[in-house]
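> structure of the sequence below:
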Amino acid sequence: MEKTKKTIELLKRTFPDSSFDLVKEEWISDVENIYPNIPENLKYLYRNLGYGTVGDSYYSIHVFLEPSDIYDKETAVGLKGKYIVGDNFCGDCYAYDAENNWIFGCINSSGEFNTLSELYADFVEFLEMLAKNEQ
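So this is what the prediction gives:
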């Protein structure tokens, strides 16, 4: 969890005007009941940073939004098993495919999920690179 801890510190330092709320433990437990293999570093991120806006509307960290919370019914059906964890306010949502070994990826504006495993190991690494690019 050391890398996640350092990423949290980097985000707070780089974006001091961020606004976060910690995720309730019951909510994490509810997701674990459905998908017991939720990545440990993601749980740590939620417990120690939370969710909210990074910077002044630079990026948003979400708490496992269902695709149906954002997309139309037809698009959401094609994204079954994906949990949205963030968005860039430009039409791209970042998500995990919980039904495919928690692969991290991006849902583009047309509603297609594309893996990002060649660029980022996971959401925490994505957030780290997001902060480093703004320093």
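> what about the lengthiest helix in the chain, distance to the chain center?
Criterion DSSP state H: the longest helix present in the chain is helix 2-14. Centre-to-centre, helix 2-14 and its host chain are 15 Å apart (C-alpha atoms, centre = their mean, to the nearest Å).
> then stretch 83-92?
In terms of C-alpha atoms, centre = their mean, the centre of stretch 83-92 is set 8 Å apart from its chain centre.
> swap in stretch 54-70?
So, by C-alpha atoms, centre = their mean, the centroid of stretch 54-70 is 7 Å from its chain's centroid.
> output it as CSV, restricted to C-alpha atoms.
Extracted in CSV, the C-alpha atoms of stretch 54-70 (Å, rounded to 0.1, in the frame of the first residue of the first chain):
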residue,chain,number,x,y,z
VAL,A,54,-9.3,16.5,-8.1
GLY,A,55,-8.3,20.2,-8.3
ASP,A,56,-10.7,22.8,-9.5
SER,A,57,-12.8,20.4,-11.7
TYR,A,58,-9.7,18.9,-13.2
TYR,A,59,-10.8,15.2,-12.7
SER,A,60,-13.4,13.4,-10.7
ILE,A,61,-12.9,10.3,-8.6
HIS,A,62,-16.1,8.3,-8.3
VAL,A,63,-17.3,5.5,-6.0
PHE,A,64,-18.1,2.6,-8.3
LEU,A,65,-20.8,4.2,-10.5
GLU,A,66,-22.8,1.7,-12.5
PRO,A,67,-22.8,2.4,-16.2
SER,A,68,-26.6,2.9,-16.0
ASP,A,69,-25.9,5.9,-13.7
ILE,A,70,-24.3,7.7,-16.7
